[in-house]
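Enquirer: My questions are about this predicted structure, shown below with the sequence.
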Amino acid sequence: MQITRITLHQPVGLLRLVTDEGLEGHCTGVTFPGADVGLVAPILVGTNPLDRERTWWVLRDLDEGLPSALHAGIDVALWDLSAKIAGRPLFRHLGGFRDRVPVCRVGTAEGTTSVTGASTGATGASGPGIVKEAKDAQQAGFKAYRFGMAVDENALVQENTFVHLMREVRVAAGPDFPLIFDGRARCEVDEAIRIGKTLDEEDYFYFDRPRPSNDHTGGKQVAGEIDTPTSAEVSSPIEASRVMTVQSADHIRSSVQSAGGITDVLKAARCAEAFGAYCHLDGAGISDCFAHVHLAGALRNTPFLEMSGQEVALPFVLNPVQIEDGFVHLPDSPGLGMEIDLDTAGDMTSELIEA
């Protein structure tokens, strides 16, 4: 079997790897310049789709460089295609750990509210709104709740509003419900330590991204001063290995789109697993949630799939990911399990790029 054509439907972002035997590998949510398709065509066309690892290395070492979105789209489509050839759902093709994944509710007000309760974004919410979200998430059957806020130093010191909010969220969600606070990589070291002490008291599950990625010195200082586990964002297996060896965070966070593919996240997650650490997947992810769903189904050290519960799939995806009782059940059909209506995708396509 050989790949004979790369097709990209724009602006809908459907990438197709077409083979000489009729099977196709798909990825949705892919947007990049058409010229880049011509760049990768000589590497992919005429190759065996099962030589996925070799292709990953060739694409990674391109002298011209490759946009992570394109690398990710190709990698996802190759995994989809290879699992279809094997006749297995992708999560089983990746190793297989579970056939349903617990879902962490991502707060819709994340990052849009100051600790005083004043809206800082078009869809802002107040502190009480976040408390309600946490309680609603727990009652709706979600298995965790994650939120982030823009921290106002004066409000933190003078009004102590932030500390009160953390405690109110814990009371609303109950003592055993996992809570995650996202520092959005914006906290100063002393600020992160102060926040972390509050999270310690309220038994939060982990402190997400207190420091910017690759700040190993500051990250290690924060992680050493608090009991709540911290995470650091990584975009490659090398970055994951540095975080783990330097101990600048307890967990890592990554995504298929930012890292450049399923392969990259797998390698980073296996690195973290060797250190007994979690690898968190950032949001619902590329390919209408399906890529992260299958990764979470294959990785023991990914505790949750992050979703807001308000994701909307593209119109040509006939079987969008559904949350049931706080879980997402893994598709049992080969590959990603996305059911694509190519006719509808064609009707929505204004530019068809082929190579």
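Expert: The structure has been received and is ready for your questions.
Enquirer: Provide the secondary structure category for R184.
Expert: For R184, the assignment made with DSSP: H, G, I helix; E, B strand; the rest coil gives coil.
Enquirer: ah, wrong one, I meant D200
Expert: D200 is classified as helix under three-state DSSP.
Enquirer: excluding its backbone neighbours, what's nearest it?
Expert: Closest residue in space to D200, ignoring its immediate chain neighbours: D227 at 4.7 Å, by C-beta to C-beta, 6 or more residues apart in numbering. Glycine gets a C-beta too; all of them are placed from N, C-alpha and C.
Enquirer: From P303, how far out is that neighbour?
Expert: For D227, the distance to P303 equals 18 Å [C-beta to C-beta, to the nearest Å].
Enquirer: Looking at those two, which is more packed in?
Expert: P303 (21 against 12; other C-beta atoms under 10 Å).
Enquirer: OK, contacts around the closest residue to the more buried one other than its chain neighbours?
Expert: What sits nearest to P303 in space, not counting adjacent residues and going by C-beta to C-beta, 6+ apart, is Y278, at 5.9 Å. Contacts were defined as C-beta atoms under 8 Å, 6 or more residues apart in numbering; by that measure Y278 touches Y206, P229, S231, D250, H251, I252, A272, N301, T302, P303.
Enquirer: So what sits opposite the third one in the bridge?
Expert: Applying DSSP bridges to S231 gives these bridge partners: H251.
Enquirer: May I ask you to confirm that it is in contact with D208?
Expert: Yes - S231 is within contact range of D208, at 5.0 Å (criterion: C-beta atoms under 8 Å).
Enquirer: shared neighbours, these two?
Expert: With contacts defined as C-beta under 8 Å, 6+ apart, the residues shared by S231 and D208 are R253, H280.
Enquirer: Between those two, which has more neighbouring residues?
Expert: In terms of neighbours (other C-beta under 10 Å), S231 is the more surrounded of S231 and D208; the figures are 28 against 25.
Enquirer: Please list all residues in contact with the more buried one.
Expert: Contact analysis of S231 by C-beta under 8 Å, 6+ apart lists Y206, F207, D208, R209, A249, D250, H251, I252, R253, Y278, H280.
Enquirer: With T4 instead?
Expert: With contact set as C-beta under 8 Å, 6+ apart, T4 has these partners: V18, T19, D20, V45, G46.
Enquirer: just the buried members of the residues you listed?
Expert: The neighbour-count criterion (16 or more other C-beta atoms under 10 Å) marks V18, T19 among these as buried.
Enquirer: Would you format the contacts of T4 as a markdown table with secondary structure included?
Expert: Rendered in a markdown table, the data for the contacts of T4 read as follows (three-state DSSP):
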| residue | secondary structure |
| --- | --- |
| V18 | strand |
| T19 | strand |
| D20 | coil |
| V45 | coil |
| G46 | coil |
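Enquirer: Go through the contacts of T4 and name the one nearest L318.
Expert: Nearest to L318 among the contacts of T4 is V18, at 19.9 Å by C-beta to C-beta.
Enquirer: Correct me if wrong: that closest one contacts R5.
Expert: Yes - when contacts are counted by C-beta under 8 Å, V18 is listed as touching R5 (4.3 Å).
Enquirer: Report the secondary structure element holding V293.
Expert: When secondary structure is defined by DSSP states H and E, V293 falls within helix 290-298.
Enquirer: Return the list of helices and strands in contact with that helix.
Expert: helix 90-93, strand 100-106, helix 256-259, helix 262-274, strand 279-281, strand 305-307 (3 or more C-beta pairs under 8 Å, 6 or more residues apart in numbering; DSSP states H and E).
Enquirer: Check the ones you listed for me: which has the lowest mean pLDDT.
Expert: Mean pLDDT is lowest for helix 256-259 among the helices and strands packed on helix 290-298, at a mean of 92.
Enquirer: Tell me how far V131 lies from V171.
Expert: Following C-beta to C-beta, the distance that separates V131 from V171 is 8 Å.
Enquirer: now M348
Expert: 47 Å.
Enquirer: likewise V58?
Expert: Summarising the geometry, the distance separating V58 from V171, computed by C-beta to C-beta, is 54 Å.
Enquirer: pretty sure D341 is touching A313, no?
Expert: No - at 11.4 Å, D341 does not count as touching A313 under the criterion of C-beta under 8 Å.
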